[in-house]
Structures are given as C-alpha cells and as structure tokens.
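J.: got a sequence here, can you model it:
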Amino acid sequence: MKKRAKIMVLVLVGVLVTGVAAAQFAKTEDAIQYRKAVMVLIGHHFKQMGAVVQGKADYDQKVFTANAEVVKTQATLPWNAFLEPGTDKGDTTMSSAVFKKKDDFLKTAEAFQADTALLAEAAQGADLNGLKAPFNAVAQNCKACHKAFRK
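T.: Have a look, this model is predicted:
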C-alpha cells in the first residue's frame, strides 16, 4: 500500500508541475510582460558591455564576464513568450512576422543564444580586443531580429 501511495503522490506532483508549466502565461499580457522584462535585462547588461567595447567605460574582466553570463542565461528565456498566440497585439513592439516566419524567428533566436554563449566563453579569458568580435556578433543578432520581427 505504501508503494501505491508513493506512486500516486508522484503522479499528482507530475500533473501539478505540468499544469503549472502549461499555464505559465494565463493571459496574453503575461507573456508580453515576461518577454519585455527579459529583454530589458538583456539590454541593460548588453549596454554595459557595449560601453566597455566602445571605450566609454573601463574594462574590468570580472564585471564584463558577469554581464556576459547574465545575457547568456537571459537569452534562453523569452522565446516561448514570443510564440503565444495574440502576443503581437497590445502593448508590444513584436511584429506578426514572428508567427508568419516562425522558423526564421526560431533560427534567429538560436543564433542569438549560440552567440551569447560564445561571448560568455570568450569573456572568461580573452582580453578586451578578443571580446570585440563575439560582442559584435551578438549585436548583429539583435539588429537582425529587430529588423525582421519588430514593428
């Protein structure tokens, strides 16, 4: 009987976790707010690195690496929130092209994630000159996505 009770508890926990994951965005506005918050964080940390790369701020490897790690982590988060139906309407700059060209959008998202990972890796040991190319690759990803998928 104890074994059966344990199995039932595990099944119940699994159902609850799945239900929470499926209901992550109960409303369209929740998905929009989530992805905007992630993008604000990415922008904040990326701008700090940009100031260093452009020579407007001093290079501190520890700070640069921390910013690169935050961007790398955040780069994995917003994509499901972009794909929620109806999130191209309302308080958003997202274009409906995300839905019309979903495969292209996802390729752009994957490239962004890959390049942010390369930037974070480079930040671990490269000098400032060694960070410019991976930083610029991430910046190009941002520009390409905004051009194609932003109103």
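J.: all helices of this protein, in order?
T.: Taking DSSP state H as the test, the helices found in the chain are 2-22, 28-53, 61-74, 79-82, 97-100, 102-123, 128-149.
J.: give me the number of residues near H45?
T.: H45 sits with 20 neighbouring residues when counted by other C-beta atoms under 10 Å. (Glycine included, C-beta is placed from N, CA and C.)
J.: tell me who's in contact with it.
T.: Going by C-beta atoms under 8 Å, 6 or more residues apart in numbering, H45 touches N67, A68, V70, V71, Q74.
J.: and which of these is nearest to R150?
T.: Nearest to R150, judged by C-beta to C-beta, of those is Q74 at 17.6 Å.
J.: pLDDT score for that closest one?
T.: pLDDT for Q74: 97.
J.: one more: L12?
T.: 44.
J.: and for A122?
T.: So A122 comes in at 97 (pLDDT).
J.: before we move on, what about G125?
T.: We note a pLDDT of 89 for G125 in this prediction.
J.: wait, doesn't F135 sit right on M49?
T.: Yes: with contacts counted by C-beta atoms under 8 Å, F135 reaches M49, the gap being 6.1 Å.
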